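Engineer: Structure for the following, please:
(one chain, ligands or ions: 1)
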Amino acid sequence: MAILKIARMGHPLLLQKAEEVPDPTAPEIQQLVADMIETMNDAHGRGLAANQVHVAKRVVVFHPPADRQAAGAGGDPQAGDAGDEEPEEPPILALINPTLEVLDDDLVPGWEGCLSVPEMRGVVPRFSRVRYSGTTPDGKPFEREVSGYHARVVQHEFDHLDGILYPMRMEDLGLLVFESEFHHYLGSDDDGSGIEEDDDDLDESADDGTDE
Ligand code: NI
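Structural biologist: Just a heads-up that it's a prediction; the model follows:
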């Protein structure tokens, strides 16, 4: 495994549409996925797309957030409240040739960061509920419906494969801020921004410097 160099905003590859992978089980894809996971973890990232490490292929890796949907379809909706323990973080997911379907076209603003846009945060509108699918590195199909922060992470990562960085999705560039100022900004109880901040995961991701 190897830690790869992360492309930063301004590198043309980040604006390029990545190519479909003909064989998700090919050895070079296994190697790429392993290297991307090592690179993401080294950088304390939430997710990483292949073109962020200079490979224009449709491959993403990310930590799916622990959320209410973690129990899966048919799970007991009460189950999540049963214990005192924090929900366990699901394992890292690698997807090849991922696709996204919007299930609820309500746009929800929320803070994001990106390993290719270091030391910055911005408020980005994202669809509240999506279904995503793709192929895992062992060649198996994967599909899942998610909402909230999980849906946000997926939209951010999949956007990378189409050459879109989060500032390109922003509606108010006044809400593109440096991380150091962001911490001040979120420090007040009422910042008057009207932006939803009731998602603990988003705050957590900001506090620990997690980027996507
Ligand atoms: Ni990113």
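
Engineer: With adjacent residues omitted, what lies nearest to Leu13?
Structural biologist: With sequence-adjacent residues excluded and distances taken as CB to CB, 6 or more residues apart in numbering, Leu13 is closest to Asn51, at 5.2 Å. From N, CA and C alone the C-beta is placed, and that goes for glycine too.

Engineer: Does Thr39 belong to a helix, a strand or coil?
Structural biologist: Assigned with DSSP: H, G, I helix; E, B strand; the rest coil, Thr39 falls in the helix class.

Engineer: Can you check the pLDDT for the closest residue to it other than its chain neighbours?
Structural biologist: In this structure, Thr39 finds its nearest non-sequential neighbour in Leu4, 4.6 Å apart by CB to CB, 6+ apart. Leu4 carries a pLDDT value of 97.

Engineer: Tell me the secondary structure of Leu4, please.
Structural biologist: Under three-state DSSP, Leu4 comes out as coil.

Engineer: Surely Ala43 touches Gly113?
Structural biologist: No: the pair Ala43 and Gly113 fails to qualify as a contact (CB atoms under 8 Å) at a distance of 11.1 Å.

Engineer: So for the two, which sits in the more crowded spot?
Structural biologist: Gly113 (23 against 18; other CB atoms under 10 Å).
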